[in-house]
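Student: here you go, sequence then predicted model.
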Amino acid sequence: MINCPHCQQQIENDSKWCRFCGKAVDSKVRWFFRSPSLIVGFLVVGPFILPAIWFHPTMKRITKLILTAVVLILTYVLTKYTIEALKTIVSYYGTALGI
Ligand SMILES: [Zn+2]
């Protein structure tokens, strides 16, 4: 038996999850699976960060589903506004140049 690093409850030695608080016990998560890496990764490569979320070793399934939905929605919204901004720029300069 070991102590959960989060809630200090007694849990099995080989458990990956604490059955009391639900958090991951294994702290040896590789750098590209850590939250800051995932956030920066999304900002840099957008939806291409999804495999890192899907293959995350300790993240719960529901968390993966929610994060996937958030990434897809943000990608859709940001793409839509980028296209709108480009259309505005094109129409502005088109008017200004008399095209
Ligand atoms: Zn715990």
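Tutor: Received, thanks.
Student: show me what the longest helix anywhere in the chain is packed up against.
Tutor: The residue-count maximum for a helix in the chain (DSSP state H) belongs to helix 61-96. Applying 3 or more Cβ pairs under 8 Å, 6 or more residues apart in numbering; DSSP states H and E, we find helix 61-96 packed against helix 35-45, helix 50-54. C-betas here are computed from N, CA, C, even on glycine.
Student: so which of those gets nearest the ion?
Tutor: Judged by Cβ to the ion, the one of those that comes nearest to the ion is helix 35-45, at 18.0 Å.
Student: show me the domain layout of the protein.
Tutor: Annotated domains of the chain cover 1-29, 34-99 [automatic domain parsing].
Student: buried ones in the shortest one?
Tutor: Neighbour-count burial for domain 1-29, with 16 or more other Cβ atoms under 10 Å as criterion, is recorded at 4, 11, 17-18, 24-25.
Student: out of the helices and strands packed on helix 61-96, which one sits most buried?
Tutor: The highest average neighbour count among those, using mean count of other Cβ atoms under 10 Å, belongs to helix 50-54 at a mean of 15.
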